[in-house]
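Peer 1: attaching a predicted model along with its sequence, questions to come.
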Amino acid sequence: MAVTVKSTSGWEVLMGEQFRRLRIAHNLDQAQLASAANVSVGAIKNLENGKGSSMKTMIMVTRALDGERWLNMLAPETTVSPLQMLRDQNINTPRRRVYRKRMTDV
């Protein structure tokens with residue numbers, strides 16, 4: 001099922017619903033999750049209802065729901081540097097000079 005959400009508030013609602021499903025799948029009520037994540041119950045309610053939440057709250061709740069793998073996918077380690085690849089390509093390439101034909105007086 002493809003989900004197309006264009007607004008920020010739409011994404012907040014969608015992610016809130018997913019957090020609610022995860023919490024229920026872990027058999028936790030909002031108070032238990034709030035305690036495990038070390039946030040307030042109000043923060044959990046705001047997150048689940050898509051009413052705005054801080055990045056810190058989202059990360060703490062995600063970690064409490066064993067979602068660190070998901071967090072790692074958001075910011076994977078860079079194994080190849082694009083700039084280093086360009087530098088490596090140019091090491092063996094001689095410099096090129098651009099020559100223009102000179103205009104001579106006729």
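Peer 2: That came through fine.
Peer 1: now for the top helix by length along the chain, which elements pack on it?
Peer 2: Of all segments of type helix in the chain, defined using DSSP state H, the longest is helix 8-25. Identification of packing neighbours for helix 8-25 by 3 or more CB pairs under 8 Å, 6 or more residues apart in numbering; DSSP states H and E yields helix 41-49. To be clear about C-beta, it is placed using only N, CA and C from the backbone, and glycine gets the same treatment.
Peer 1: centroid residue for this protein?
Peer 2: By CA atoms, centre = their mean, the mean C-alpha position of the chain lies nearest to residue 74, the distance being 3.8 Å.
Peer 1: quick check: pLDDT value at it.
Peer 2: The predicted structure scores residue 74 at 79 on the pLDDT scale.
Peer 1: what do you get for residue 91?
Peer 2: According to the per-residue confidence, residue 91 scores 66 in pLDDT.
Peer 1: just residue 1 next, same as before
Peer 2: At residue 1, the pLDDT value in this model is 54.
Peer 1: kindly report the same for residue 44.
Peer 2: Per-residue confidence at residue 44 stands at 94 (pLDDT).
Peer 1: look at residue 43 and say how many residues are nearby.
Peer 2: A total of 21 residues lie near residue 43 under the criterion other CB atoms under 10 Å.
Peer 1: oops, could you answer that again for residue 26 instead?
Peer 2: By the other CB under 10 Å criterion, the neighbourhood of residue 26 contains 13 residues.
Peer 1: list the contacts of it.
Peer 2: Residue 26 makes contacts with 33, 65-66, as judged by CB atoms under 8 Å, 6 or more residues apart in numbering.
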